[in-house]
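1. sequence unknown, structure follows:
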């Protein structure tokens, strides 16, 4: 079974449902594989758990607010 992985920020249930729907539809269209075969994994990452340029992403976000 093909796996689609999305890593990003915390999402609402509605956003997750939309991503799963759109990713599956696009993958089915491009590959010709039936939608029932696809697995979509959503990995939510908190800004404190991501480092960019040697510092936590949460620190960078706090400077832009």
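-> Looks like it arrived, so ask away. Please read these numbers as outputs of a predicted model, since none were measured by experiment. Numbering: from 1, shown residues only.
2. where in this protein is pLDDT low?
-> 65 (pLDDT under 70).
3. ok, which stretches of it are strands?
-> Along the chain, counting by DSSP state E, strands occupy 3-8, 39-44, 51-52, 55-56.
4. let's have the ones you listed in CSV, adding mean neighbour count and distance to residue 62.
-> For glycine as for every other residue, the C-beta is placed from the backbone atoms N, C-alpha and C. Formatted as CSV, the strands of the chain follow (neighbours: other C-beta atoms under 10 Å; distance: least, C-beta to C-beta, whole Å):
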stretch, mean neighbour count, distance to residue 62
strand 3-8, 12, 19
strand 39-44, 12, 19
strand 51-52, 12, 13
strand 55-56, 12, 9
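5. and the ones you listed as CSV, adding distance to residue 21?
-> Formatted as CSV, the strands of the chain follow (distance: least, C-beta to C-beta, whole Å):
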stretch, distance to residue 21
strand 3-8, 12
strand 39-44, 9
strand 51-52, 30
strand 55-56, 32
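6. how about the helices of this protein, start to end?
-> With DSSP state H as the criterion, the chain has helices at 13-31, 57-64.
7. contacts for the longest one, please.
-> Going back to what we said before, that points to helix 13-31. Residues outside helix 13-31 that contact it (C-beta atoms under 8 Å, 6 or more residues apart in numbering): 2, 4, 6, 11, 33-35, 38, 40, 42.
8. how near is the nearest residue to residue 35 once chain neighbours are set aside to residue 59?
-> Excluding the flanking residues, the one nearest residue 35 by C-beta to C-beta, 6 or more residues apart in numbering is residue 28, at 4.5 Å. Per C-beta to C-beta, to the nearest Å, residue 28 is found 40 Å from residue 59.
9. neighbour count winner among those two?
-> residue 28 (16 against 12; other C-beta atoms under 10 Å).
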